[in-house]
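Trainee: Sequence and predicted structure below; questions after.
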Amino acid sequence: MIGMLIGNVPVKCIIEDNSSHPVDSEYEDNSDVETDPKVENVLRLHSEKHNFNNLMFKRGLTMADVERMGGKGKSKKRETKAGKKAVAPETVSDPKFATLLYDKMKPEISRFHETIKNLNETVKVAIQEFASMESLV
C-alpha cells in the first residue's frame with residue numbers, strides 16, 4: 001500500500017490498516033504535549049531576551065556525572081583477582097588479640113571447664129568406690 005507522495009519520493013506504510021483491532025484511546029495520550037510551568041517560564045524569559053548566566057542554574061550535573069552516563073567511565077579496565085595486590089592484615093596488639101580470642105573462644109572454654117569439672121567428680125567417686133572395695137579385700 002503506497003501512502004502519500006512527499007515531494008517526489010514514494011512512501012510505503014509498513015503498518016497495516018487493521019480496522020478489526022482498533023487502537024484504544026489510552027494509547028493516544030499525547031503525554032509529550034504536557035506543559036511544565038518552570039519550562040514555560042524559562043521559555044517566556046528567553047523570548048523576552050532575558051539575560052541568563054550560570055549562577056541562575058544550580059545543582060545540575062557535574063562533568064563526572066555526564067561522563068559516567070555517557071559510558072566514558074566504563075572504559076576503565078577492571079582488575080582481576082590475580083592483578084590485585086595483597087592487602088596487609090591489620091596489626092593487632094597482644095592484649096587486644098588475647099581479648100578478641102577469649103571472646104571468640106569463651107563458649108568452648110566454658111564447655112571445657114564443665115567437662116573437666118564433671119570428669120573430676122567422676123574420678124573422685126571412682127576413687128571412693130575403689131577405696132571401699134580395697135577395704136573389703
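Mentor: Structure's in. What do you need?

Trainee: average pLDDT across stretch 129-137?
Mentor: Averaging pLDDT along stretch 129-137 yields 83.

Trainee: With stretch 106-122 instead?
Mentor: 92.

Trainee: what's the answer for stretch 10-26, then?
Mentor: 70.

Trainee: all strands of the protein, in order?
Mentor: Secondary structure of the chain by DSSP state E: the strands cover 2-6, 9-12.

Trainee: Now do the shortest one: which elements does it pack against?
Mentor: It refers to strand 9-12. If contacts are counted by 3 or more C-beta pairs under 8 Å, 6 or more residues apart in numbering; DSSP states H and E, strand 9-12 sits against strand 2-6. Yep, even glycine has a C-beta here, placed from its N, CA and C like the rest.

Trainee: If residue 10 is in a bridge, with which residues?
Mentor: residue 5 (DSSP bridges).

Trainee: neighbours around it, how many?
Mentor: Using other C-beta atoms under 10 Å, the number of residues around residue 10 comes to 10.

Trainee: now swap in residue 129 and tell me
Mentor: So residue 129, with other C-beta under 10 Å, has 10 neighbours.

Trainee: ok, so what distance separates it from residue 122?
Mentor: 11 Å (C-beta to C-beta, to the nearest Å).

Trainee: do the same with residue 131
Mentor: Distance from residue 131 to residue 122, by C-beta to C-beta: 15 Å.

Trainee: tell me the mean pLDDT for stretch 50-70?
Mentor: Stretch 50-70 comes out at a mean pLDDT of 71.

Trainee: report the longest helix in the chain, please.
Mentor: Using DSSP state H, we find that the single longest helix of the chain is helix 94-136.

Trainee: Packing partners of that helix?
Mentor: Against helix 94-136 (3+ C-beta pairs under 8 Å, 6+ apart) you get no helix or strand.
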